[in-house]
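# Generate coordinates for the sequence data below:
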Amino acid sequence: MNQYSGTKQKSPRRLHHEDGKFVSDYPGEIKRLRSMRLTDTAWELLAEIAEKNHITRTEVIEMFVRGEDLY
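Down below sits the predicted model:
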């Protein structure tokens, strides 16, 4: 696993249109590049949660703030 990668492989939950483009997780909302500072501990804990849920760290944060269930 690459140290900069959120998961070992692409998230299986990301659906694609027939033209190959991703189906938006949140229709009508555009994701934008953001920046935040985290401790190494928080970064590793995000990676563990992401791996358990087969998603990326970004998706963990998105789901957490929206109140969605994570393992």
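# Report the distance from stretch 31-42 to the chain centre.
Distance, stretch centre to chain centre, for stretch 31-42: 12 Å (CA atoms, centre = their mean, to the nearest Å).
# Stretch 43-56 too?
Once both centres are worked out by CA atoms, centre = their mean, stretch 43-56 turns out to sit 8 Å from its chain's centre.
# C-terminal to the longest helix belonging to the chain, what's the next element?
Identified as the longest helix of the chain according to DSSP state H is helix 40-53. Tracing the chain past helix 40-53, the next element assigned as helix or strand by DSSP states H and E is helix 57-65.
# In that following helix, which residues are buried?
Buried residues in helix 57-65, counted by 16 or more other CB atoms under 10 Å: Arg57, Glu59, Val60, Glu62, Met63. Heads up, the C-betas are built off the backbone N, CA and C, glycines and all.
# go on, stretch 40-58?
Residues of stretch 40-58 classed as buried by neighbour count (16+ other CB under 10 Å): Leu46, Ala47, Ile49, Ala50, Glu51, Asn53, Ile55, Thr56, Arg57.
# closest to Gly20 among those?
Checking the buried residues of stretch 40-58 against Gly20 by CB to CB gives Thr56 as the nearest, at 19.1 Å.
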